[in-house]
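Participant: this is a predicted model, with the sequence first.
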Amino acid sequence: MSQTAQAYAAPAARPRGETPPWHAAARRAAYGMAGLAIFIGIWKAALIWQWAPPGTLPDPFALPATLMQEWQSGRLLPAIGSSLVHYFWGLAAGTALGFAVGLAAATLPRFDLMQAYLARILRPIPPLAWVVFAIAWFKVSHAGAAFVIAIGVFWVNYFATYSAVRNVDPRFYELARAFGHGGYVARALTVTLPAIAPGALSGVRTGIGQAWMTLIAAELLGVPGMGQEMNAAAGVGAYDAVVVYMLIISLVYTICDLAFSAVEGKVLQWRP
């Protein structure tokens, strides 16, 4: 067999001292599990030595039984489904409007001047402050909860898009004009949108988490969902059920984040 054939037939030997990929993954997993074990140990110690007021800190090892109780009671799945309704509506509206307004503000100088003071006035107002108007305008409904969520998501995407456009190299626009793409729409399609894709998608991903953080507060309107179940459980001192719903929210967010991460990887596969 020739040397060329042997080179293709035999796998390349790993350089001495280089760790295999699975070793690094196993190491990360081991450290992650160790961190969780330490956290649960501290939690259990806080319960044993009563670092918190009695009855307010649930036993971490009793949570699986509480989860089964919530499942068997028929409250868990309807609460998750209800939360997802206004979560996705609020996320979609806030993302679309934040991207559109941020793009317009960064690319249209006159519009930027007109909205600059308004943005400075409205941005510091937390989404929870709009709960009063959500009740007045939409009553106790999915639309009211989605409205509150959309406000929080809007600002995340607005600033992410605005900053991404501002960071585009001006030489790209000069090159686009040289090739006959001097119009606003042509310039946006050939230069702006591809250039800002990483920054804008990063804003969308941040908004996915922001929406979950706003969702619980939005459900204080009385809209059925996980937030309402947590509020009801806290009212009767069932703090173990509160923690269960907190963990469910974390799990659903993780699923949403992983799904978007896969989509983001496909969209931005051109990146080195």
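Facilitator: Structure's in. What do you need?

Participant: what helix or strand is E229 on?
Facilitator: Secondary structure assignment for E229, by DSSP states H and E: helix 226-235.

Participant: which positions in that helix come out as buried?
Facilitator: By 16 or more other C-beta atoms under 10 Å, the buried positions in helix 226-235 come out as 226-231, 233. Placement of C-beta: from N, CA and C, glycine included.

Participant: tell me what it is packed against?
Facilitator: The helices and strands touching helix 226-235, judged by 3 or more C-beta pairs under 8 Å, 6 or more residues apart in numbering; DSSP states H and E, are helix 76-107, helix 193-218, helix 239-267.

Participant: now do 10 Å
Facilitator: Contacts of helix 226-235 with other secondary structure elements, assessed using 3 or more C-beta pairs under 10 Å, 6 or more residues apart in numbering; DSSP states H and E, are made with helix 63-73, helix 76-107, helix 193-218, helix 239-267.

Participant: packing partners of the shortest one?
Facilitator: Which is helix 63-73. helix 76-107, helix 226-235, helix 239-267.

Participant: where does the prediction get shaky in this protein?
Facilitator: Within the chain, the stretches falling below the threshold (pLDDT under 70) are 1-19, 21, 181-182, 271-272.

Participant: the closest residue to V243 other than its chain neighbours: how many residues sit nearby?
Facilitator: Distances taken as C-beta to C-beta, 6 or more residues apart in numbering place P58 nearest to V243, at 5.5 Å, with adjacent residues excluded. Residue neighbour count, defined by other C-beta atoms under 10 Å, stands at 18 for P58.

Participant: look up phi and psi at P58.
Facilitator: Backbone dihedrals for P58, given as degrees, to the nearest 10, come out at phi -70, psi 160.

Participant: was I right about it contacting A234?
Facilitator: No - using C-beta atoms under 10 Å, P58 is not in contact with A234; the gap is 11.6 Å.

Participant: related to what we said a few turns ago, who touches the helix holding E229?
Facilitator: Helix 226-235 has contacts (C-beta atoms under 10 Å, 6 or more residues apart in numbering) with 56, 66, 70, 75-76, 78-84, 87, 145, 212, 215-222, 225, 238-246, 248-249, 252.

Participant: switch the cut-off to 7 Å
Facilitator: 75, 79-80, 83, 215-216, 219-220, 222, 241-242, 245, 248-249 (C-beta atoms under 7 Å, 6 or more residues apart in numbering).

Participant: farthest pair within those?
Facilitator: Based on C-beta to C-beta, the longest span within the contacts of helix 226-235 runs between G222 and I248 and measures 19.8 Å.

Participant: would you confirm that A62 contacts D240?
Facilitator: Yes - taking contact to mean C-beta atoms under 7 Å, the distance of 5.9 Å between A62 and D240 places them in contact.

Participant: those two - which one has more neighbours?
Facilitator: Each of A62 and D240 has its neighbours counted (other C-beta under 10 Å); D240 has more, 19 against 13.

Participant: ok, now how distant is the more buried one from T66?
Facilitator: In this structure, D240 lies at 4 Å from T66, with C-beta to C-beta, to the nearest Å as the measure.

Participant: perfect, I'm done here.
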